[in-house]
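Chemist: Just to be clear, the model below is a prediction. Sequence and coordinates:
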Amino acid sequence: MNLPSLTEVFHNFFKPTVQKKFSVEKSILRNIMRIGIVTATILITTSVQLLCASPLKSQPINEVKVTLGLQNETLIQAFQKIEALTGYHFMYRKDEVKNIRNLNLPVTQLSVEDFLKMALAKTSLTYRQLRDQILIMQPKKLLSYSEMDDYKMNY
């Protein structure tokens, strides 16, 4: 009569449990690795796209046409109308433009630059385009392009 040793009985008793546990852990580990690989691929692809993206360049204001009409309106109201029609945003000091009133312009199509020249003709104000922003200010306060490089705006 061959009696198995106590270690063989013990080993055979726990063997299926250990194998099942190991295979479950192995499949979980595979799934985690797959998720990690997919996540890493997405992150790398997104990073490469962001690194290769070119900076935003807006269209010059002399090329953007708007159809606009004004009847006894303020300069601020005219700026708001242009902002609604275009992607530009006007920046100005309210105390410098609040007294410019009674602007009249028949409904016509013209460039944003032509409108600014007409609206600011009888004032001491001038303008400068910086990307999608148009600065309205006194001429003495304008910065040169070399000075603007010192004050770069981050978007």
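Modeler: Cool, got the structure.
Chemist: Beyond the host helix or strand of Thr108, next helix or strand please.
Modeler: Using DSSP states H and E, Thr108 maps to strand 103-111. Counting by DSSP H and E, the next helix or strand C-terminal to strand 103-111 is helix 112-119.
Chemist: and Leu70, what pLDDT?
Modeler: On the pLDDT scale, Leu70 is placed at 90.
Chemist: can you list contacts of the helix or strand hosting it?
Modeler: If you go by DSSP H and E, Leu70 is part of strand 65-73. The contact list for strand 65-73 (C-beta atoms under 8 Å, 6 or more residues apart in numbering) reads 77-78, 81-82, 85-86, 101-112, 115. Yep, even glycine has a C-beta here, placed from its N, CA and C like the rest.
Chemist: returning to what we had before: summarise which helices and strands the strand holding Thr108 is packed against.
Modeler: strand 65-73, helix 112-119 (3 or more C-beta pairs under 8 Å, 6 or more residues apart in numbering; DSSP states H and E).
Chemist: Can you list the low-confidence ranges for the protein?
Modeler: 1-24, 53-57, 140-155 (pLDDT under 70).
Chemist: Please, where are all the strands along it?
Modeler: Applying DSSP state E to the chain gives strands spanning 65-73, 89-91, 103-111, 126-130, 133-137.
Chemist: Mean neighbour count for those - can I get that in a markdown table?
Modeler: Listed next are those as a markdown table, based on neighbours: other C-beta atoms under 10 Å:
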| stretch | mean neighbour count |
| --- | --- |
| strand 65-73 | 14 |
| strand 89-91 | 15 |
| strand 103-111 | 12 |
| strand 126-130 | 16 |
| strand 133-137 | 18 |
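Chemist: Adding distance to Leu43, write those strands out as CSV.
Modeler: Converted to CSV, the strands of the chain look like this (distance: least, C-beta to C-beta, whole Å):
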stretch, distance to Leu43
strand 65-73, 42
strand 89-91, 33
strand 103-111, 44
strand 126-130, 33
strand 133-137, 33
